[in-house]
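Quick one: sequence plus predicted model below, questions after.
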Amino acid sequence: MFSNFGKCTCGQTKVKISLPETLDKFSPRACDCDFCVSRNISYLSHPEGELEIESAFPLKILKQGSNQASFITCSSCKSVIASSLQLEDKLVGALNSPLLSDFSLLQNPTIVSPKKLKAQEKVERWQKLWLNIKVNGVGRI
């Protein structure tokens, strides 16, 4: 596994993503909805990967669109850290890839349009693509 690190705009929330390959092998997914486009979000995940989030302050959760996914945000600077979905036994999601210090190593983003999918199709897709998320520190959700 290859680990990469990043942080939110204010630096209060830190991330570590572990992936089965180096960043240059990945093309993040850029959702075409207004919420993601206005925040320049592109998501990085791999079903064999893991994302660790550590925050000095409690994290906040936003809901958008179909209200199925939760957006984990820094309570201080409001940066979107990851999109997530709570399953019965684990939290899965995708990292907002521009937060990575080595973001420039990634391939160009691939445009995706989840709003065209039905609710159940979204969940099925996320379960196949997203990675496990662990939240540490006082930032526990």
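Nice, thanks for sending it over.

what's the helix or strand for the residue nearest to W130 when sequence neighbours are not counted?
Nearest residue to W130, sequence neighbours excluded (Cβ to Cβ, 6 or more residues apart in numbering): V92, at 4.1 Å. From N, CA and C alone the C-beta is placed, and that goes for glycine too. Taking DSSP states H and E as the criterion, V92 maps to strand 91-96.

now for that strand, which elements pack on it?
Where contact means 3 or more Cβ pairs under 8 Å, 6 or more residues apart in numbering; DSSP states H and E, strand 91-96 is packed against strand 43-44, strand 80-86, helix 119-129, strand 131-137.

To Q68, which of these lies closest?
Nearest to Q68 among the helices and strands packed on strand 91-96 is helix 119-129 (5.9 Å), distances taken as Cβ to Cβ.

Can you list the buried residues in the closest one?
Buried residues in helix 119-129, counted by 16 or more other Cβ atoms under 10 Å: K122, V123, W126, L129.

ditto for stretch 58-70
L59, K60, Q64, A69, S70.

try stretch 7-20
Quick answer for stretch 7-20 (16+ other Cβ under 10 Å): K7, C8, Q12, T13, K14, V15, K16, I17, S18, L19.
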